[in-house]
Every structure is written in C-alpha cells, then in structure tokens.
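Student: build me a model from this:
(4 chains)
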Number of protein chains: 2
Amino acid sequence: MTKIKETSTIQANKQSAFNECPVTYVMEKIGGYWKPIILFHLLSGSKRYSDLRKAIPAITEKMLIQHLKQLEADGLVMRVARPVIPPHVTYHLTKAGLALKPVLYAMAVWAVSDSKENSKVFARNLKSFPGFK
Amino acid sequence: MTKIKETSTIQANKQSAFNECPVTYVMEKIGGYWKPIILFHLLSGSKRYSDLRKAIPAITEKMLIQHLKQLEADGLVMRVARPVIPPHVTYHLTKAGLALKPVLYAMAVWAVSDSKENSKVFARNLKSFPGFK
DNA sequence: CATGATACACACTTCAGGGTAAGTACTTGT
DNA sequence: ACAAGTACTTACCCTGAAGTGTGTATCATG
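Tutor: Numbers count the residues shown, from 1 in each chain, chains lettered A, B, ... in the order given. Down below sits the predicted model:
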C-alpha cells in the first residue's frame, strides 16, 4: 500500500467521511476499478490466483495482487497457500465478504433499472468514455 | 467537469468496467468523497444550495456545485431555480435518486455490522487515517 | 541446461479527482 | 457608497490511485 502523507486535506476529508458516512466506509473497501470485479468472480466460488488473472484479462498482476492484499487486510477474502512447487494459492471470501452479496445485488438492481429508465443519460455517459461512438 | 484525455488506459479500463460491472456503474454515480454525503442530506428532504453548504461545512463551494451538477446530469437530483433576486435555488432528489435509498441503506447496514465484527480491522483502518491515535 | 509455470515484488510514470483562492452579477439594507 | 447575501465560475496546484515494465525463487520437464 502506498504511503500516505500526514499533511493533506484530502486525507483529512477522507477520514471524516469515513467516520461519519457508512457509505464511504463501504466504498473504501469495495471501491476502485477492480475490487468489485474481483469480488464478483469470488462470489461464484473460490479461485486460484492464476484463475483470477485469466478471468480478468485486462487487469495487470500488480493491480490484482494489490487489491487482493487489500481485500485480505480488510477481512473480505482469505488467502490459502499450499506449500508446494510450483506455488498453489487460492482466494476465498470470508463471512464478511459473503455478507456483501446483498449489497452488491442491490447496487446491480439499481444500475439496471437506472440504465433503462435513463437510457439517454446512459448514452451520454457512454460517449464520455473514449472509444465509443 | 474536467477534461478527459482520449489516450488513457485508465479511461479504457473505466469504460469496460462501466460496461461490464453494474457495481462500477453505481459507484461512478455516487462515488467520490462528497456525493454520498450530499445524497444523504437530500434524502431527508429538498434543500437550498446555501442550506447544503451549511449542512456540510467542510465542503468547498467548488466541490458542492461540481457534484450537484454531476448528480443533476446523471438524473439523480433536480435543480429548481426561482427567478428572484437574490437567487433562490433548491435541489431535490429525482425518482432515480430516491430509488437509491435501499442501496445506501444496504451499504450502511453492512458497514455497521462489519465494523462491529471486525473491530480490529476497523481500528487498523482508523490508524491509517492521519490525526488518529 | 534452459525453458516454462506459479505467485508475487519493486521502481518509475501518468493523470484525473480534489483542494485553494479569487472573482462575478444583481439587489437590498444602513 | 458600500457591505452583505446568494449562487455560482474560473485558473492554478497537488496528491494518490492506477498503469508499465522488469526481476525473483523454486522445481519439473524436455
């Protein structure tokens, strides 16, 4: 994890939001481009490191590991390493990780209904992502 | 809204995550330090611009406006301006914005139970926020 | 003997979100 | 005449999350 500067308003704001806002608390844990995707793949069952890599081709190894370590430190996933050569490491969701299922589900439901109701807005958003026309 | 570079892997990843992952879709809309807090305040009723400023003292005017504009563009809030002097502008949640209530609630429930079950992890996290001992 | 597979580690760079600070327009009150 | 309130706008800077690329240990297999 990257070092954090002590004197920084942005960190102070993060702190207060973290303390006061449970939504921010959740987003600190499942936020970022990759964490939700990793969690999604683990929700369908435990996976090896290399299986995750194959399941998410676009992710770099650095990002994958970094987020797995963070998820582990946050108590959402468990790392199980078998002491064999070549290494054999699997990642599992913990109880807390599994408890995220309804949360992620609620988000997904909203996303689907929102992208239907506001298809125009959706289209505008898509345009703002380069490579789309 | 800030300009976005066309040639950027990070944007490309955002795009694919946005397309494939409904959770990312939601977080694009309610993510950031301030959006959940603004939404929270609007959930308890429509508010004037100046009321929001008073309710969230730490936020700067730039951030407040910027996020309100984004929320408006995303169809989550509605801006109602009365053509009087001095100006009188109120912000309301739209149908889609109100529909976020169960989502935010699910997140809050998880946050509370998680911070209870894993008080040690919580403590570690707090330490990582400067200003805490 | 060297190539491949596995699960990482580390140094370096980029960029978009967030912060700071100052200014605008228009009118009412003193 | 000038300060105060309201709802913004704009220019500039800084930081930290994310991406790029290369290196490591260990053993089996051809």
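Student: can you give me the helices in chain A?
Tutor: Under the criterion DSSP state H, helices of chain A are mapped to A:9-20, A:22-30, A:35-43, A:49-55, A:61-73, A:95-98, A:101-117, A:119-127.
Student: so which of those is the most surrounded?
Tutor: Per-residue neighbour counts averaged over each of these give the maximum for helix A:22-30, namely a mean of 22 (mean count of other Cβ atoms under 10 Å in any protein chain shown). Any C-beta I mention is one placed from the backbone N, CA and C, and that applies to glycine too.
Student: if we can go back for a sec, distance to B:Gly75 for the helices of chain A - can I get that in a markdown table?
Tutor: Converted to a markdown table, the helices of chain A look like this (distance: least, Cβ to Cβ, whole Å):
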| stretch | distance to B:Gly75 |
| --- | --- |
| helix A:9-20 | 24 |
| helix A:22-30 | 19 |
| helix A:35-43 | 22 |
| helix A:49-55 | 33 |
| helix A:61-73 | 30 |
| helix A:95-98 | 32 |
| helix A:101-117 | 8 |
| helix A:119-127 | 5 |
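Student: please name whichever of the ones you listed is nearest to B:Leu39.
Tutor: For the helices of chain A, proximity to B:Leu39 was assessed by Cβ to Cβ; helix A:22-30 is nearest, at 8.2 Å.
Student: does the closest one come close to chain B?
Tutor: Yes. Residues of helix A:22-30 are located near chain B by Cβ under 8 Å from any Cβ of the partner chain, namely A:Pro22, A:Val23, A:Thr24, A:Tyr25, A:Val26, A:Met27, A:Glu28, A:Lys29, A:Ile30.
Student: need the nearest residue in space to the residue nearest the centre of chain A, chain neighbours excluded.
Tutor: The residue lying closest to the centre of chain A (Cα atoms, centre = their mean) is A:Lys35, at 1.4 Å. Leaving aside its chain neighbours, A:Lys35 sits nearest to A:His67 (5.3 Å; criterion: Cβ to Cβ, 6 or more residues apart in numbering or on different chains).
Student: show me what contacts the closest residue to DNA strand D within chain A?
Tutor: Residue nearest to DNA strand D within chain A (Cβ to the nearest atom of the strand): A:Gly32, separated by 3.0 Å. Shown in contact with A:Gly32 (Cβ atoms under 8 Å, 6 or more residues apart in numbering or on different chains): A:His67.
Student: for the residue nearest to A:Lys35, give me its contacts.
Tutor: When contacts are counted by Cβ under 8 Å, 6+ apart, A:His67 touches A:Gly32, A:Trp34, A:Lys35, A:Ile38.
Student: check it and give its pLDDT.
Tutor: Note on A:His67: pLDDT of 96.
Student: about what we covered before: and the residue of chain A closest to DNA strand D, how close does it get to B:Leu64?
Tutor: Between A:Gly32 and B:Leu64 the distance is 25 Å, computed by Cβ to Cβ, to the nearest Å.
Student: repeat for A:Pro102
Tutor: For A:Pro102, the distance to B:Leu64 - Cβ to Cβ - is 32 Å.
Student: distance to B:Val89 and pLDDT added to the contacts of A:His67, as a markdown table?
Tutor: A markdown table is the format used below for these (distance: Cβ to Cβ, whole Å; pLDDT from 0 to 100):
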| residue | distance to B:Val89 | pLDDT |
| --- | --- | --- |
| A:Gly32 | 34 | 86 |
| A:Trp34 | 38 | 91 |
| A:Lys35 | 36 | 94 |
| A:Ile38 | 41 | 95 |
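Student: from these, pick the one nearest B:Arg53.
Tutor: Looking across those and measuring by Cβ to Cβ, the closest to B:Arg53 is A:Gly32, at 29.6 Å.
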